[in-house]
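Participant: Generate a structure from the sequence data that follows.
(2 chains)
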Protein chains: 2
Amino acid sequence: MGTLIMTTQLAINGKRLWQSLMDLARIGATPKGGNCRLALTALDGQGRDLVTGWMREAGLTVRVDQVGNIFARRPGRDNSRPPVMTGSHIDTQPTGGKFDGCYGVMAGLEVMRTLNDAGVTTEAPLELAIWTNEEGSRFVPVMMGSGVFARKFPLEVALAARDAEGKSVADELKAIGYAGSEPVGGWPVDAYFEAHIEQGPILEHERKVVGVVTGSLGLRWYDVTVTGMEMHAGPTPMPVRRDALYAASFLLQAVIDIARAHPPHGRGTVGEIHAHPGSRNVIPGQVRLTVDLRHEDAQRLAEMDSQWRQVCQEVARRHNVQVEIKDVQHFPPTPFDPGLVGKVRESAARRGLPAMDIVTGAGHDAVYMASVAPTAMIFVPCKDGVSHNEIEDAKPEDLEAGCNVLLDAMVARAG
Amino acid sequence: MGTLIMTTQLAINGKRLWQSLMDLARIGATPKGGNCRLALTALDGQGRDLVTGWMREAGLTVRVDQVGNIFARRPGRDNSRPPVMTGSHIDTQPTGGKFDGCYGVMAGLEVMRTLNDAGVTTEAPLELAIWTNEEGSRFVPVMMGSGVFARKFPLEVALAARDAEGKSVADELKAIGYAGSEPVGGWPVDAYFEAHIEQGPILEHERKVVGVVTGSLGLRWYDVTVTGMEMHAGPTPMPVRRDALYAASFLLQAVIDIARAHPPHGRGTVGEIHAHPGSRNVIPGQVRLTVDLRHEDAQRLAEMDSQWRQVCQEVARRHNVQVEIKDVQHFPPTPFDPGLVGKVRESAARRGLPAMDIVTGAGHDAVYMASVAPTAMIFVPCKDGVSHNEIEDAKPEDLEAGCNVLLDAMVARAG
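Facilitator: Just a heads-up that it's a prediction; the model follows:
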């Protein structure tokens, strides 16, 4: 029972974890208390320098691959075994917060530091990853580093991506000194854990400290164009109109209705809408909108997709407009590894932390990693469910709790 | 019965009218067959030069006032009487058509030419007006020339208006040689007639050639802001959302429902909508939209206004969002002069032209003129009800018919 005694005695240093988060947050700090550290900018470079410095101080061996992913290894007793990995990202949205991504990296670092302090060596080596450009605010594809690692798209596509000013990922990696020489991926990973703020309101609402993430929602994105007839608002009687925006209003409602008909994990969102010509006294002749449908279950996501297409046909017929649907993106639901998810659940229980199963609606590096290694995530609450926002906030005690669960789960897996 | 015989025998020259319209349309012609002759540009100056040349050839006396309105007088037998006036505008939308405005001016010119050919002198003098900047595409206020003439806003406001490049009306009038010396308005007008394409689909739909315009719709414009909570589309469950766009969809529908509940002349239009932050995977936290409500009856327009405000309150409460309404514009309905409207109706009947009463939903110089002189308008059909568009079109025989009605009505009024 030596292992059990060891893991229940170990505890991470919550103050040190918090301090590291606050120190990193000084790089690219924004006036409202957030962070602007866009991927591969000089500020991202400074953030990487700071964290890799801490990694080396913790005795970790740091490597950088060709897409700029950073890996910091802590040897195990048997270094022929593939590593138990954790990680996340430290790039941010233009007006992002201090915790999205950074928490996962700092929690992983704190796990290493805690094991150092306790003089514990695990059987398998441990690895801490910082993935390049998770946010995708400056360069697309998003989740770039983990995407190349998991063979979702080729390295060349990532390196050739350019920002709004025409600067390429390849050049910007060189400029900040993170164009590594190591091939991207292709080596075995025993398990991947990622700690993250929830970015949603469920844990806070349910008064839970730990979210045991069982998988990620599947997602379907559509671009929709409604075409009616552009006419003058004054002289055109109501019965003869072919008002594209009026027709679109029924599509807006259908997206919500469809999501609500698939509780609790159905989601439906129209985030963008543009009416043409966009003049106060002209009946819109064309409306473009984006649609985002999500569900954790592939079968039910397919039902939502089919209902959505049917609604589009009905609205087109009923309102005498054309409705065109373009499929933009389809990620199937990704269930995480039941064994690893179980370890997270058990760790929370053993520490007496209020926990609940949850799915992630947002994309994470973990979702890509799930295709190349057994994967699980640990969520902690964020204030009001708000993220991608300078006011993003989280409680030190919750961050500490989640980090302890990460510690337990990694040690349990690594032996 | 000499007068009756004279008016039934007179007929305008449809080919000459059409040719004048086509000649004017060559100035600022666009590739798709439309016109771009923005107010007070060099092209507008060329158009004015062409038409005033025709006015002088027709023996009319041309004056220009301080806001650039052009008046061309044909003497009567009693020149102490105030003139019977007709007119419209020759400026266009950026991608406008050949008939909107130009038809009213060319029809007036054709009336003068027809009377010249027939050697007829009316008792009261006749006057043909070209109003400055009716469209408002380059300078606001719209309907600028007639607005100053009718004391709706001061001359100084009009002259100080600047376009997007910072050029003022005062300077641009000088640049094209139409900064006249005559004071604007303040002299009596016996009656004002304006012939115009309908800019709506009713006449075509009802297979009528002449619209007897009984007045203009009253109008209320609002800017509406719906404020909910901006959150991530993925992690946020449906029940906790405060989706500003979803709430707005009910406002969009209410605008249409309210207009339909006040047939046949109720109108409701949302022409602009903007969702913030406008990102595919973010629930809109704020939506701005414009609302345009119209009715010919002041009492019913007030009812529509009150229903609209009530709907906004209900939607705010039901969807847990804020709905702010800003009043942007309020034009009360303007009934035209029953005596003059009767003359238009009689002229159409006497010529055996299929005619119907109609209201104008669009703004016209005639709407301002109605406050300083008895006023009436004559509509003719335009193809598919389309205007403010390069494909705006009208049939030569309909334009001829409307011009004959204008001739009869003016001669009947002037004696």
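
Participant: pLDDT-wise, which helix or strand of chain A ranks last?
Facilitator: Of all the helices and strands that make up chain A, helix A:2-9 has the lowest average by mean pLDDT, DSSP states H and E, namely a mean of 49.

Participant: following it, which helix or strand shows up next?
Facilitator: helix A:14-25 (DSSP states H and E).

Participant: tell me the mean pLDDT for that next one?
Facilitator: What helix A:14-25 shows for mean pLDDT is 98.

Participant: Of all the residues in whichever helix or strand comes after that helix, which ones are buried?
Facilitator: Later in the chain than helix A:14-25, the nearest helix or strand by DSSP H and E is helix A:42-57. By neighbour count on 16 or more other CB atoms under 10 Å in any protein chain shown, the buried set for helix A:42-57 is A:43, A:44, A:45, A:46, A:47, A:48, A:50, A:51, A:52, A:54, A:55. Any C-beta I mention is one placed from the backbone N, CA and C, and that applies to glycine too.

Participant: got a list of what the third one touches?
Facilitator: Residue A:45 sits next to A:175, A:176, A:177, A:178 when contact means CB atoms under 8 Å, 6 or more residues apart in numbering or on different chains.

Participant: Name the nearest of those residues relative to chain B.
Facilitator: Nearest to chain B out of the contacts of residue A:45 is residue A:176 (CB to the nearest CB; 26.7 Å).

Participant: So what does whichever residue of the stretch 51-200 of chain A sits closest to chain B look like in phi/psi?
Facilitator: Here the stretch 51-200 of chain A gets closest to chain B at one residue, residue A:200, 2.8 Å apart by CB to the nearest CB. Backbone torsions for residue A:200, taken as degrees, to the nearest 10, come to phi -150, psi 170.

Participant: Just give the number of residues close to the nearest residue to it once chain neighbours are set aside.
Facilitator: Counting by CB to CB, 6 or more residues apart in numbering or on different chains, residue B:235 is the residue found nearest to residue A:200 once chain neighbours are left out, at 2.8 Å. Applying other CB atoms under 10 Å in any protein chain shown, we find 24 residues neighbouring residue B:235.

Participant: Report the contact partners of residue B:235.
Facilitator: Applying CB under 8 Å, 6+ apart, the residues contacting residue B:235 are A:198, A:199, A:200, A:201, A:202, A:360, A:361, A:362, A:385.

Participant: Output the buried residues of helix A:42-57 in JSON lines, with pLDDT appended to each entry.
Facilitator: Shown next, in JSON lines, are the buried residues of helix A:42-57 (pLDDT from 0 to 100):
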{"residue": "A:43", "pLDDT": "98"}
{"residue": "A:44", "pLDDT": "98"}
{"residue": "A:45", "pLDDT": "98"}
{"residue": "A:46", "pLDDT": "98"}
{"residue": "A:47", "pLDDT": "98"}
{"residue": "A:48", "pLDDT": "98"}
{"residue": "A:50", "pLDDT": "98"}
{"residue": "A:51", "pLDDT": "98"}
{"residue": "A:52", "pLDDT": "98"}
{"residue": "A:54", "pLDDT": "98"}
{"residue": "A:55", "pLDDT": "98"}
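
Participant: From the contacts of residue B:235, which land in strands?
Facilitator: Among those, the residues falling in strands (DSSP state E) are residue A:360.

Participant: all helices of the stretch 301-415 of chain A, in order?
Facilitator: A:338-350, A:365-369, A:396-414 (DSSP state H, counting those that start in this stretch).

Participant: So what pairs up with residue A:86 in the strands?
Facilitator: residue A:128, residue A:193 (DSSP bridges).

Participant: before we move on, back to that, of the helices of the stretch 301-415 of chain A, flag the one that's most buried.
Facilitator: Between the helices of the stretch 301-415 of chain A, helix A:365-369 has the highest mean count of neighbours, a mean of 28, where neighbours are mean count of other CB atoms under 10 Å in any protein chain shown.

Participant: so how far is that helix off the chain centroid?
Facilitator: On the basis of CA atoms, centre = their mean, to the nearest Å, helix A:365-369 sits 8 Å off its chain's mean C-alpha point.

Participant: same for that helix, what does it pack against?
Facilitator: Here helix A:365-369 touches strand A:84-88, helix A:144-149, strand A:191-197, strand A:210-216, strand A:375-380, going by 3 or more CB pairs under 8 Å, 6 or more residues apart in numbering or on different chains; DSSP states H and E.

Participant: Columns distance to residue B:410 and mean pLDDT on top of these, output as a markdown table?
Facilitator: Output for the helices and strands packed on helix A:365-369, formatted as a markdown table (distance: least, CB to CB, whole Å; pLDDT from 0 to 100):
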| stretch | distance to residue B:410 | mean pLDDT |
| --- | --- | --- |
| strand A:84-88 | 80 | 98 |
| helix A:144-149 | 74 | 98 |
| strand A:191-197 | 76 | 98 |
| strand A:210-216 | 75 | 97 |
| strand A:375-380 | 79 | 98 |
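
Participant: how about a markdown table for these, with distance to residue B:320 and mean neighbour count added?
Facilitator: Shown next, in a markdown table, are the helices and strands packed on helix A:365-369 (distance: least, CB to CB, whole Å; neighbours: other CB atoms under 10 Å in any protein chain shown):
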| stretch | distance to residue B:320 | mean neighbour count |
| --- | --- | --- |
| strand A:84-88 | 33 | 27 |
| helix A:144-149 | 37 | 29 |
| strand A:191-197 | 24 | 29 |
| strand A:210-216 | 25 | 25 |
| strand A:375-380 | 25 | 29 |
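
Participant: wait, which of these is closest to residue B:218?
Facilitator: strand A:191-197 (53.6 Å; CB to CB).

Participant: Make sure residue A:249 is actually in contact with residue B:249.
Facilitator: Yes - contact criterion CB atoms under 8 Å: residue A:249 and residue B:249 qualify, at 4.4 Å.

Participant: what about chain A, any weak spots by pLDDT?
Facilitator: A:1-8 (pLDDT under 70).

Participant: Give me the domain ranges for chain A.
Facilitator: Per the record, chain A has its domains at A:2-216+A:333-414, A:219-330, by automatic domain parsing.

Participant: who wins for proximity to residue B:128 among those domains?
Facilitator: Residue B:128 sits nearest to domain A:219-330 of all those, at 24.8 Å, using CB to CB.

Participant: Ends of that closest one, what's the gap?
Facilitator: Domain A:219-330 has an end-to-end distance of 6 Å (CA to CA, to the nearest Å).

Participant: which residues in the stretch 151-300 of chain A form strands?
Facilitator: For the stretch 151-300 of chain A, strands defined by DSSP state E, counting those that start in this stretch occupy the ranges A:191-197, A:210-216, A:218-227, A:231-232, A:267-269, A:273-276, A:282-283, A:286-295.

Participant: Distance check, residue A:325 against chain B.
Facilitator: For residue A:325, the distance to chain B (CB to the nearest CB, to the nearest Å) stands at 15 Å.

Participant: Around chain B, pick out the residues from the stretch 251-400 of chain A.
Facilitator: A:252-253, A:256, A:259-260, A:263-273, A:275, A:278-284, A:290, A:292, A:294, A:360-363, A:385-389 (CB under 8 Å from any CB of the partner chain).

Participant: Going through those, which ones are buried?
Facilitator: Using 16+ other CB under 10 Å, the buried ones in those are A:252-253, A:256, A:259, A:265-273, A:275, A:279-284, A:290, A:292, A:294, A:360-363, A:385-389.

Participant: Save the strands of the stretch 151-300 of chain A as CSV, and put in distance to residue A:328 too.
Facilitator: Below are the strands of the stretch 151-300 of chain A laid out as CSV (distance: least, CB to CB, whole Å):
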stretch, distance to residue A:328
strand A:191-197, 25
strand A:210-216, 18
strand A:218-227, 4
strand A:231-232, 30
strand A:267-269, 13
strand A:273-276, 15
strand A:282-283, 27
strand A:286-295, 8
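
Participant: closest to residue B:24 out of those?
Facilitator: Nearest of the strands of the stretch 151-300 of chain A to residue B:24, taken as CB to CB: strand A:231-232 at 22.5 Å.

Participant: isn't residue A:217 right up against residue A:293?
Facilitator: No - at 9.5 Å, residue A:217 does not count as touching residue A:293 under the criterion of CB under 8 Å.

Participant: Thanks again, I'm all set now.
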